[in-house]
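> take a look and give me a structure for this.
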Amino acid sequence: MAKVIKPEQLNRADLAVALGNGGVLLPMLGGYCVLSQEPESVRSHFGHAHRLVLGFRSILAELDEVNPARRGAVMKILAGPVVGILSRTGQTGLTSGSGVALATEPLARSVLEHTPGQLWLGIPDEPMQPGALIDELGEWLAMAVVEDGAAGPGPTVIDFTQAPVRVDRRGRLAILEIEKELGEPVRLGPEVIFSVLVVCTGNSCRSPMAAGYLAKLLEGERVLVGSAGTAAPEGSPPTAFAVEVAAGLGVDISGHRARQLTRDMILSADLILVMERQHRDWIGERAPEALPRVRLLSSYRTGEPLEIFDPVGRPIEVYQEVMSQMQIPLERIAKEIGWRLGTGD
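Residues are numbered from 1 along each chain as shown. Down below sits the predicted model:
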């Protein structure tokens, strides 16, 4: 059974013993990962073993294989909660799909500095709480360093050897943030699901109509589409006019029920579409780190930061006008997401 301790209880002697006997679970790279001195053991449990390194000097040979035009952006991205696959020529000493992570956090740096030889990193495919990881890894796990609070999403795994660059695991660094640094869109690996959250005020007309239409456009794709409101009456049905207008596009939103937007919803979304600037501001106050993922829906139509007004309490013709304002942006968004997934033009 793994020895479970707090980060402040970790000492060099215990760490050395634990690494000699198996794996060590650590809070790092935005979630929980496992370190070991035996790459094949890591591979047997996680499918891949990635190297943990102290700095860029350790990976200069691999960085030389990165497209020179994007090398600066890649180095900036690697400084975050990321595992980067940089080489397909065996520099990592393992098979295709192995990458490197920089030990930028104090705990990770301390572990690496006090461990002779290389350390190999294992990442669960999906974010897992430490208790679940301890149970799953069983006797092989020798020590678990556990913090208070819920586990984060862990590192984003990015394959820089692909053209376009490909994200193989969703993690702390969001897809749109990666694209911003690279200055170009990325593809998503075959196991990656893209998540879209549509936000309005009451979650009774604009956002359920938009989310329903977008979900229809992306039917069968690896996409989750949801909606919520900044001041939503929980559990309320959509307005009758919203149901009618959506039905005119072949979309059934009659089963929708309003949800209040939460910080967890915000942080779990890859793209957040808002109707008005006030919605963006509301999100910024509660989850400022998510702002790079927030877009005004109308910007996909005009390129201008226009707002889509609330039709609640108005005649059905106003609902129809609002839906017509949302259709073209949603179709463009669906096409963009399809390209990321490799199914669009």
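
> all strands in the stretch 201-345 of the chain, in order from the N-terminus.
223-229, 271-274, 294-296 (DSSP state E, counting those that start in this stretch).

> same for the shortest one, what does it pack against?
If I follow you right, that is strand 294-296. If you count contacts as 3 or more Cβ pairs under 8 Å, 6 or more residues apart in numbering; DSSP states H and E, strand 294-296 packs onto strand 271-274, helix 277-286. Backbone N, C-alpha and C define where each C-beta goes, glycine included.

> got the ones you listed as JSON lines, with mean pLDDT columns?
Below are those laid out as JSON lines (pLDDT from 0 to 100):
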{"stretch": "strand 271-274", "mean pLDDT": "98"}
{"stretch": "helix 277-286", "mean pLDDT": "97"}
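
> any chance of a markdown table for those, columns mean neighbour count and distance to residue 12?
A markdown table is the format used below for the helices and strands packed on strand 294-296 (neighbours: other Cβ atoms under 10 Å; distance: least, Cβ to Cβ, whole Å):
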| stretch | mean neighbour count | distance to residue 12 |
| --- | --- | --- |
| strand 271-274 | 26 | 44 |
| helix 277-286 | 16 | 40 |
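
> to residue 212, which of those lies closest?
In terms of Cβ to Cβ, the element of those nearest to residue 212 is strand 271-274, at 13.0 Å.

> which neighbouring elements make contact with that closest one?
Where contact means 3+ Cβ pairs under 8 Å, 6+ apart, strand 271-274 is packed against strand 194-200, helix 277-286, strand 294-296, helix 316-340.

> point out the most buried one among the ones you listed.
For these, average neighbour numbers computed from mean count of other Cβ atoms under 10 Å are highest in strand 194-200, which has a mean of 25.

> so that strand versus helix 316-340, what angle?
If you take axes from the mean of the first three to the mean of the last three Cα atoms, to 10 degrees, strand 194-200 sits at 160 degrees to helix 316-340.

> just the angle between strand 194-200 and strand 223-229, please?
Orientation check (the same axes, to 10 degrees): strand 194-200 against strand 223-229 gives 20 degrees.

> rewinding a little: make TSV out of the strands of the stretch 201-345 of the chain and add distance to residue 16.
As requested, the strands of the stretch 201-345 of the chain are exported to TSV (distance: least, Cβ to Cβ, whole Å):
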stretch	distance to residue 16
strand 223-229	43
strand 271-274	45
strand 294-296	46
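
> what's the closest of the ones you listed to residue 14?
Nearest of the strands of the stretch 201-345 of the chain (Cβ to Cβ): strand 223-229, 41.4 Å.

> how about the closest one: buried residues?
Neighbour-count burial for strand 223-229, counted by 16 or more other Cβ atoms under 10 Å, picks out 223, 225-229.

> among those residues, which two are most distant?
Greatest spatial distance among the buried residues of strand 223-229 (Cβ to Cβ): 223 and 229, at 20.9 Å.

> got any ranges where the stretch 51-200 of the chain has weak pLDDT?
The model of the stretch 51-200 of the chain has pLDDT under 70 over residues 89-97.

> residue 32 and residue 75: what is the separation?
Applying Cβ to Cβ, to the nearest Å, the value for residue 32 to residue 75 is 25 Å.

> likewise residue 338?
Distance of residue 338 to residue 75, given as Cβ to Cβ: 30 Å.

> and the helices and strands packed on strand 271-274 as CSV, adding distance to residue 253?
As requested, those are exported to CSV (distance: least, Cβ to Cβ, whole Å):
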stretch, distance to residue 253
strand 194-200, 12
helix 277-286, 19
strand 294-296, 22
helix 316-340, 11
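
> how about the strands of the stretch 201-345 of the chain, which one is nearest residue 261?
Across those, residue 261 has its closest neighbour in strand 223-229 (4.0 Å, Cβ to Cβ).

> those helices in the chain, which residues are they?
Along the chain, counting by DSSP state H, helices occupy 12-21, 39-46, 60-63, 71-78, 106-113, 130-137, 175-182, 206-217, 240-247, 263-268, 277-286, 299-302, 316-340.

> give me the neighbour count for residue 76.
Each residue near residue 76 was counted by other Cβ atoms under 10 Å, and the total is 11.

> excluding chain neighbours, give the residue nearest to it in space.
Distances taken as Cβ to Cβ, 6 or more residues apart in numbering place residue 181 nearest to residue 76, at 5.8 Å, with adjacent residues excluded.
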